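Trainee: 3D, please:
(one chain, ligands or ions: 1)
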Amino acid sequence: MDKIRFEKVTKTFLIRDEKKKGAQREFTAIRDIDFSVKEGEFITLVGPSGCGKSTLLDLLTGLTRPTKGRLLIDGREITGPGLDRGIVFQQYALFPWKTARGNIEFGLEAKGIPRSEWKERSEYYLDLVGLKKFADRYPHELSGGMKQRIAIARSLAFDPDVLLMDEPFAALDAQTRETLQSELLRIWQKTGKTIIFVTHGIDEAVYLGERVVVLTANPGTVKKIVDIPLKHRLEDADIKSNPVFVEKRHEVWNLLHEPEFIGAHI
Ligand SMILES: Nc1ncnc2c1ncn2[C@@H]1O[C@H](COP(=O)(O)OP(=O)(O)OP(=O)(O)O)[C@@H](O)[C@H]1O
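Mentor: Now for the predicted structure:
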């Protein structure tokens with residue numbers, strides 16, 4: 001069965017009508033989004049600014065509902081937020097008054113894990129993201145990359161089936177971003193989570209995604225879903241020279257540079 005299914009999902013918002021004072025009009029942010037994600041799959045979503053990437057993730061969190069269509073997880077309609085979905089945002093969203101360990105334990109408490117298990121579990125997730133030695137640091141004592149690792153560890157501590165990531169590495173410098181990308185792949189391979197990862201970066205989308213969903217803007221629709229048959233992402237030290245990477249990167253680049261995107265900010 002599909003882990004996640006978008007069934008002809010449309011989301012419209014009421015916005016101010018620029019032509020008529022005091023009036024409102026409908027604005028279609030995304031239209032007829034229809035695709036499925038398999039259990040354990042790593043999917044990346046890429047598209048120009050305003051194509052509805054965040055709107056799609058909001059719908060998956062259950063914080064907003066579609067105007068038309070349905071979103072399903074394990075065949076059940078999403079009707080609200082749930083601990084089956086972990087979220088990692090661009091901004092780290094850590095509690096500044098809690099240590100790295102405290103932030104992770106928050107996830108354990110929310111899930112109802114007995115307090116006696118917190119230490120062992122938080123150590124496990126700190127170790128998974130390579131920060132065992134930094135357990136007692138506060139967020140302001142950690143680098144941006146470390147904060148994002150803690151945010152990932154905290155989301156994983158809930159043991160969600162699905163990890164939703166909204167440009168999680170966008171605020172990091174290029175080198176830290178590359179390190180975290182490969183760490184995320186390693187974590188994904190180890191945990192087998194289903195991951196939906198939103199990005200502006202074509203390289204990032206192709207490197208991480210087993211499939212890349214290319215979206216168009218105004219309204220956001222699926223332009224194409226590109227398979228990325230890269231086998232050894234972590235073992236290949238210079239993956240960006242790999243002919244499959246080069247070819248697929250070019251395909252996604254072309255899709256994003258077709259006439260309807262001219263002038264769009266990608
Ligand atoms: N609450 C809202 N009310 C009205 N319009 C909205 C609302 N939320 C989003 N939109 C509009 O829907 C469209 C899609 O927005 P969204 O934030 O999902 O795009 P995005 O692809 O994530 O953009 P970016 O890449 O710039 O972050 C945009 O045109 C935006 O202005």
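Trainee: and Ile196, what element?
Mentor: Secondary structure assignment for Ile196, by DSSP states H and E: strand 194-199.
Trainee: check which strands are paired with that strand and give the direction for each one.
Mentor: strand 42-46 (parallel), strand 162-166 (parallel) (DSSP bridges).
Trainee: got a list of contacts for that strand?
Mentor: 3-4, 37-46, 53-54, 56-57, 60, 161-170, 184, 188, 205, 208-209 (CB atoms under 8 Å, 6 or more residues apart in numbering). The C-beta positions use only the backbone N, C-alpha and C, and glycine is treated the same way.
Trainee: now do the strands in the chain.
Mentor: 4-16, 24-37, 42-46, 68-73, 76-77, 85-88, 162-166, 194-199, 211-216, 221-227 (DSSP state E).
Trainee: need these in CSV (columns: mean pLDDT and mean neighbour count).
Mentor: As requested, the strands of the chain are exported to CSV (pLDDT from 0 to 100; neighbours: other CB atoms under 10 Å):
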stretch, mean pLDDT, mean neighbour count
strand 4-16, 95, 17
strand 24-37, 94, 17
strand 42-46, 96, 24
strand 68-73, 96, 16
strand 76-77, 96, 12
strand 85-88, 89, 22
strand 162-166, 94, 22
strand 194-199, 96, 24
strand 211-216, 96, 23
strand 221-227, 96, 16
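Trainee: can you lay out those as CSV showing distance to Leu126?
Mentor: Below are the strands of the chain laid out as CSV (distance: least, CB to CB, whole Å):
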stretch, distance to Leu126
strand 4-16, 29
strand 24-37, 29
strand 42-46, 23
strand 68-73, 28
strand 76-77, 33
strand 85-88, 16
strand 162-166, 17
strand 194-199, 20
strand 211-216, 31
strand 221-227, 35
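Trainee: so which of those is nearest Ile152?
Mentor: When the strands of the chain are compared by CB to CB, strand 85-88 sits nearest Ile152, at 5.6 Å.
Trainee: so what secondary structure elements neighbour the closest one?
Mentor: helix 53-61, helix 144-157, strand 162-166 (3 or more CB pairs under 8 Å, 6 or more residues apart in numbering; DSSP states H and E).
Trainee: how about the residues of the stretch 51-200 of the chain that lie near the ligand?
Mentor: Residues of the stretch 51-200 of the chain lying close to the ligand (CB under 6 Å from any ligand atom) are Cys51, Gly52, Lys53, Ser54, Thr55.
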